[in-house]
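Colleague: below are the sequence and a predicted model; questions follow.
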Amino acid sequence: MNQNLILIADDDSDVRDLLSVTLEAAGYRALGAKDGNTAARILTVAKPVGMITDVRMPAMNGMELCKLARNTPAIRDMAILMVSGNSHTYDVNAGMTAGADGYLSKPIAPRDLVSRLQTLISKRHLGA
């Protein structure tokens, strides 16, 4: 896995840009994808250490993308953080059932994003 690369899958370019700037300031490299199909193609080639995915996207939603990642041997161990403007208990549970390691509601505080992502990556590397 590419140890400092994070894939951001979100159909909102402003969100992708904000998350990219936040992650790059924390020492990560960020790649963006505008939909789930694009993200799936990037995942298999780039093999990032983590992915941040919106729940609702065109072509393939975040739940489907998460399931795909967890069923792909080369990337199944990466940290996955779901983000959404919808924080209903059902959606959070569905994201975790799909294989996400964590869930953040939009708007996202940059410090919370980086902290949560670093924790998830550490846990994945330690096998926790």
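Modeller: Right, received. Where do you want to start? Numbers count the residues shown, from 1 in each chain.
Colleague: OK, contacts around the nearest residue to D11 once chain neighbours are set aside?
Modeller: Once flanking residues are discounted, D11 sits nearest to M57: 4.7 Å by C-beta to C-beta, 6 or more residues apart in numbering. C-beta: built from backbone N, CA, C; applies to glycine. Listed by C-beta atoms under 8 Å, 6 or more residues apart in numbering, the contact partners of M57 are A9, D10, D11, K34, D35, G36, L65.
Colleague: residues in a beta bridge with the residue nearest the centre of the chain, which ones?
Modeller: The centre of the chain sits closest to I52, judged by C-alpha atoms, centre = their mean, with a distance of 1.7 Å. Taking DSSP bridges as the rule, I52 bridges to I8, L81.
Colleague: test my guess that it contacts L81.
Modeller: Yes: if you go by C-beta atoms under 8 Å, I52 and L81 touch, sitting 4.9 Å apart.
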